[in-house]
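Trainee: My questions are about this predicted structure, shown below with the sequence.
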Amino acid sequence: MNSMTTLQRDNLFPAFQDQFGREKRKLRISVTDRCNFKCVYCMPEHPEWMKKHDLLSFEELFSFCEFMVKHGIEQIRITGGEPLMRCGVVHFVAQLQVLRAYGLKRISMTTNGHYLKQYASALKQAGLDDVNISLDSLDPVQFFELTKKHLEPVLEGIQAAQQAGFKIKINAVLIKGFNEKQILPLSYWAKTVNVELRFIEFMPLDGDQNWTKDSIVSEQEILDELASVFEVNTLQGQGAHPARTYTVDGMPIGIISTITNSFCGTCDRLRLNAQGEFFNCLFSTQGMPLKQHLQQLMKGGIRSDTELKTVLNSYIWSKERGFHAIQEKQNSHQNLSQNSKKISMHMIGG
């Protein structure tokens with residue numbers, strides 16, 4: 001297979017673009033909605049799992065990834081639920097390697113870390129480039145309150161990922177009244193073990209919809225806490241990255257502040273959930289069902305390719321300006337439309 005330069009690829013298949021001119025370069029693929037954790041900012045108390053026979057096969061997922069890479073996608077992130085709970089995900093990572101010839105530059109995974117001790121080495125051999133690991137507290141009791149799981153397997157998973165040679169980012173969601181006191185302990189720990197830490201504002205994607213603005217630990221509050229003991233400086237050039245990066249005593253720390261200091265203006269992400277619903281935004285209340293299109297795509301033919309491109313072009317073009325625009329539109333209507341629904345994080349990935 002001959003490799004294709006990005007310029008050649010973009011000339012043949014221009015990247016998908018929304019109405020605000022944002023080109024789409026990143027795709028997040030949720031391979032399962034199931035998770036062994038019950039994080040309070042994500043999972044409902046009584047989740048209704050997608051039926052296994054409704055999930056896209058890895059063959060269907062690969063076919064979609066191939067199509068999207070040929071239309072401008074440069075980075076693919078595998079998410080869940082917890083992606084390592086789905087049998088075959090390591091082989092899927094290995095399959096994706098052939099798409100590098102069409103311009104795919106990076107394959108990543110977001111995980112809770114619980115199974116990384118078991119899978120880190122195999123994932124590295126399969127060609128995974130980096131991992132983001134959720135770690136919301138270093139206090140074992142508090143960690144259990146937040147996740148209903150024990151902390152030690154996650155710390156062992158982080159160590160295994162480091163030993164395998166992964167570039168690691170640690171994601172910590174902060175919730176006022178729960179774990180805001182973890183800002184400094186996590187920062188000291190990240191510096192000690194040499195991992196990149198990112199704090200994330202609590203977003204309205206919790207399964208039981210208990211989110212309120214009062215629960216947010218804002219970017220400014222995080223910075224104030226860090227500045228109480230560290231020298232904090234801003235790094236320039238956020239671009240399309242969700243996190244603003246600061247140096248804290250020379251160590252990079254990111255803050256993802258979707259609510260108080262949104263990065264939506266440069267968003268280049270698209271999402272597909274495990275049963276084939278496509279989302280142009282993390283906060284979309286209505287996805288586009290693509291399963292039938294993907295089944296046709298696997299059969300081949302110019303018609304199926306053209307039809308999929310047409311429906312995606314229209315849906316991606318209609319992407320809203322960002323989180324606050326979606327909130328304003330929802331608040332202007334007493335009720336959501338019949339086809340709209342609240343999406344929790346475990347259903348769509350991070």
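Mentor: Ah, there it is. Residues are numbered from 1 along each chain as shown.

Trainee: just the helices in the stretch 101-250 of the chain please.
Mentor: Secondary structure of the stretch 101-250 of the chain (DSSP state H, counting those that start in this stretch): helices located at 116-126, 140-147, 152-164, 183-193, 219-227.

Trainee: What mean pLDDT does the longest helix seen in the chain get?
Mentor: Identified as the longest helix of the chain according to DSSP state H is helix 302-317. Computed over helix 302-317, the mean pLDDT rounds to 92.

Trainee: Which residues does that helix contact?
Mentor: Helix 302-317 has contacts (Cβ atoms under 8 Å, 6 or more residues apart in numbering) with 16-19, 24, 67, 71, 270, 278, 280, 288, 290, 293-294, 296-297. (Each C-beta comes from the backbone N, C-alpha and C, glycine too.)

Trainee: Gly177 and Ser215 touch, don't they?
Mentor: Yes - counting by Cβ atoms under 8 Å, Gly177 touches Ser215, with 7.0 Å between them.

Trainee: quick one, which of the two is more surrounded?
Mentor: Legend: neighbour count by other Cβ atoms under 10 Å for Gly177 and Ser215, higher for Ser215 (21 against 8).

Trainee: Give me the distance between that one and Phe263.
Mentor: 20 Å (Cβ to Cβ, to the nearest Å).

Trainee: next one: Gln125
Mentor: 34 Å.

Trainee: Let me see the contact set for the nearest residue to Gln159 once chain neighbours are set aside.
Mentor: In this structure, Gln159 finds its nearest non-sequential neighbour in Lys117, 7.8 Å apart by Cβ to Cβ, 6 or more residues apart in numbering. Listed by Cβ under 8 Å, 6+ apart, the contact partners of Lys117 are Pro153, Glu156, Gly157, Gln159, Ala160.

Trainee: The third one contacts Ser121, correct?
Mentor: No - between Gly157 and Ser121 no contact is recorded; they are 11.7 Å apart, counting by Cβ under 8 Å.

Trainee: helix or strand right after the longest helix of the chain?
Mentor: Next helix or strand after helix 302-317 toward the C-terminus (DSSP states H and E): helix 323-331.

Trainee: my guess is Ala164 contacts Tyr119, does it?
Mentor: No - counting by Cβ under 8 Å, Ala164 stays clear of Tyr119, with 9.4 Å between them.

Trainee: Compare these two (neighbour count), which wins?
Mentor: Tyr119 (23 against 18).

Trainee: Perfect, I'm done here.
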